[in-house]
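Visitor: no sequence for this one, just the structure:
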């Protein structure tokens, strides 16, 4: 008798809820800010969506905005700290807005240029690759509580793209994305869901593996700042099952 081959792990990538700096568009790297009241409400909404899923592993960034989002989503008791899920270290640009940085450096792009006295793009890419190697050794459903720009980097590297392509990804606060594999080609990494907002009514996106629908939330997009970076007017979440 042939033994069934277990399905690859599936990763539920959750960005933390709103903070005062995310609301004002300030780059929030290692500054350990709490959630706003609205951010806590966003995190509680995640519990309704994630309640469909039985998680084998729950990993969270050590920063309180991610840990609190994990707790309010109902998964705090099972959580373990994963240091590599922490946000980009913005160095001298911590607490600044992209629009202000570009007054001094007109064409600055964090994914290309990094941050003075902070992490370089190569360092962040290496960190994401190290984390992915660790994640691939896990099985079952895995919840990952992280941050705006690092989550975009993680998704980009998951499907094998160079880090600079992370500039094309956007995440609202308390959003849910799913990193998975093509069911017909299990060796092919895909993004099965991107930037689904916690408040959306479409709960079936968290049920077992059949095709998930892409969900976009204009309010979450309006608040998107990738821990500081502005979203161009009219941009939205329009990514479904991107393959490696």
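Guide: Great, that's in hand. If you're wondering where the values come from, they're calculated on a predicted model, not measured in any experiment.
Visitor: Please count neighbours and contacts with C-alpha atoms only from this point.
Guide: Fine.
Visitor: Low-confidence ranges, this protein, go.
Guide: Counting by pLDDT under 70, the chain has low-confidence residues at 1-7, 199-244.
Visitor: 50 instead, please
Guide: For the chain, applying pLDDT under 50 flags the ranges 202-204, 208-244.
Visitor: Tell me which residue is most central in it.
Guide: residue 151 (3.3 Å; CA atoms, centre = their mean).
Visitor: what helix or strand is it on?
Guide: Secondary structure assigned from DSSP states H and E places residue 151 in helix 148-158.
Visitor: following that helix, which helix or strand comes up?
Guide: Per DSSP H and E, the first helix or strand lying C-terminal to helix 148-158 is strand 175-182.
Visitor: quick one: that next one to chain centroid distance?
Guide: 10 Å (CA atoms, centre = their mean, to the nearest Å).
Visitor: what are the pairing partners of that strand, and which direction each?
Guide: strand 10-15 (antiparallel), strand 185-197 (antiparallel) (DSSP bridges).
Visitor: Okay, buried residues for it please.
Guide: By neighbour count with 16 or more other CA atoms under 10 Å, strand 175-182 contains the buried residues 175, 176, 177, 178, 179, 180, 181, 182.
Visitor: what's the answer for stretch 75-89, then?
Guide: For stretch 75-89, a neighbour-count test (16+ other CA under 10 Å) marks 75, 76, 79, 82, 84, 85, 86, 87, 88, 89 as buried.
Visitor: A helix includes the last one, no?
Guide: Looking back up the chat, that one is residue 89. No: using DSSP: H, G, I helix; E, B strand; the rest coil, the assignment for residue 89 is coil, not a helix.
Visitor: Go through the buried residues of strand 175-182 and name the one nearest residue 51.
Guide: Proximity of the buried residues of strand 175-182 to residue 51 (CA to CA) peaks at residue 176, which lies at 13.0 Å.
Visitor: In contact with the closest one, which residues?
Guide: By CA atoms under 8 Å, 6 or more residues apart in numbering, residue 176 lies in contact with 12, 13, 14, 15, 193, 194, 195, 196, 197, 198.
Visitor: again, 7 Å this time
Guide: 12, 13, 14, 15, 194, 195, 196, 197, 198 (CA atoms under 7 Å, 6 or more residues apart in numbering).
Visitor: again, but for residue 16
Guide: By CA under 7 Å, 6+ apart, residue 16 lies in contact with 65, 66, 69, 145, 146, 147, 173, 174.
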